[in-house]
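Below: sequence and its predicted model.
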Amino acid sequence: MAEALASGLKASGMSPSLCVKGKNKNTTDGFAHQLGIKSYNNSNLLEILIIAVKPHQIQSAVQPLLPLAENTIVISVAAGVDCESLVHILNHGAIVRAMPNLAIANQCGMTALFSESASPMQQEVVGELFSGLGQTMWLEADEQMHAVTVLLGSGPAFFMHFTQSLLKWGRDYLPQDICDACVKHASSAANDMMSQYPINDAVNRVASKGGVTEAGLNVLTQKLDDLMGKALSSSVSKSHNMTE
Ligand SMILES: NC(=O)c1ccc[n+]([C@@H]2O[C@H](COP(=O)([O-])OP(=O)(O)OC[C@H]3O[C@@H](n4cnc5c(N)ncnc54)[C@H](OP(=O)(O)O)[C@@H]3O)[C@@H](O)[C@H]2O)c1
C-alpha cells in the first residue's frame, strides 16, 4: 500500500516534496531512487504524514517522528485503527483516516475518508491529495470504516477470488489460453455493463428466462449470499481486532 500511495502521488504531481521512510533502509532507498523521490531524513519538515504500516507496527513506526509539529496533518490508511486510538498513539490532533485500494497506484482508485479532529481546511487539503489518486468520499462515522475496509480495501481480492474459481473450473474443460481469455473478457464485460445499467438490469440482460445463465445463477444465488455474508462478517470482525 505504501508503494501504491507513493507511486500514485508521484504520478499525480500533487505532492512535489514527497519522501518515503520504511523499516529496511536499503529497500526504501532503492524504491525512492526508482520513483525519483527522496528518502525521509530527520530534517524533513512534515506538512503531511501518511502512515501506511500494519496496525501493530504503527507505534514503533511513528515513535522516532514524535512529537509532530502542531500543524502536521496525519493520514492513516491502517485498517481497524480508529481515530480515537490514533489520537492516543500520536498524541496529536489533526488526524484523517483514509481507506484506499491498490488501484490508487494508477490513479484510478477510490478512497474513503473520515476525520473528527482535522479542521475543514485540513480536510480539504487531504481530499485534494487523494482526488489525484482517483475518486474520494467522506464518511459520516468512524464506525463505517469497518464495512468500507472490507468492501473497498479488500473488495478487489474478493472479486479476483471469484475470478480464480471461474478459471479453476474452466481450465478443466478448455486450453488455458482460451479459458483465461474468456474469463478476463467476462470480467471486463461485467464492468462495462455495470457502468451502463443498474446492476439488477445488467444481470437480467445476461440471464435470459429459462436460459443457460439462469440455470447457474439459480444454484449460486442463495448459497453465495449466505457464504459472502459469512466471509464479509469474518473480515469485519478481523477489522475490529486488528490491533490485538
Ligand atoms: N494491501 C491493501 O490492499 C490495503 C488496502 C487498504 C489499506 N491497507 C492498509 O495499509 C497498511 C499496510 O498494508 P500492506 O498490505 O501494504 O502491508 P505490508 O506489505 O506489510 O507493508 C508494510 C510496510 O510498513 C513498513 N514498515 C514496517 N515497520 C516499519 C517501521 N517501524 N518504520 C517504517 N516503516 C515500517 C514496511 O517497510 P519495509 O518494507 O522497509 O519493511 C512496509 O513498507 C495496513 O495498515 C493495511 O491495513 C492495505
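Looks like it arrived, so ask away.

can you tell me which helix in this structure is longest?
helix 212-240 (DSSP state H).

Please give the centre-to-centre distance between it and its chain.
Here the centre of helix 212-240 is set off from its chain's centre by 21 Å, with CA atoms, centre = their mean, to the nearest Å.

tell me what that helix is packed against?
For helix 212-240, the helices and strands in contact under the criterion 3 or more CB pairs under 8 Å, 6 or more residues apart in numbering; DSSP states H and E are helix 144-148. To be clear about C-beta, it is placed using only N, CA and C from the backbone, and glycine gets the same treatment.

Check which residues of the helix it packs on are buried.
The neighbour-count criterion (16 or more other CB atoms under 10 Å) identifies 145-146, 148 as the buried residues of helix 144-148.

Make CSV out of those residues and add pLDDT and distance to the ligand.
CSV is the format used below for the buried residues of helix 144-148 (pLDDT from 0 to 100; distance: CB to the nearest ligand atom, whole Å):
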residue, pLDDT, distance to the ligand
Met145, 96, 10
His146, 96, 12
Val148, 97, 10
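
average pLDDT across the longest helix of the chain?
On average, the pLDDT along helix 212-240 is 94.

So for the protein, the centremost residue is which one?
Compute the mean C-alpha point of the chain, and by CA atoms, centre = their mean the closest residue is Asn101, 2.0 Å away.

Return the distance of that residue relative to Ser237.
Remark: distance between Asn101 and Ser237 (CB to CB, to the nearest Å) = 20 Å.

now Met1
Distance from Met1 to Ser237, counting by CB to CB: 21 Å.

and the residue located most distally from the centre of the chain, how far is that from Val125?
Most distant from the centre of the chain: Gly210, at 38.8 Å, with distances by CA atoms, centre = their mean. In this view, Gly210 and Val125 are 56 Å apart by CB to CB.

Point out the residues in the chain that sit beside the ligand.
With CB under 6 Å from any ligand atom as the criterion, the chain comes near the ligand at residues 1-2, 21-24, 27-28, 52-55, 57, 60-61, 77-79, 99-102, 153.

So among those residues, which ones count as buried?
1-2, 21-22, 28, 52-53, 55, 61, 77-79, 99-101, 153.

Please flag which of the residues you listed sit within strands.
Met99 (DSSP state E).

just the helices in the protein please.
With DSSP H, the ranges of helices along the chain come out as 2-12, 25-35, 58-62, 83-90, 120-131, 144-148, 155-170, 176-196, 199-206, 212-240.
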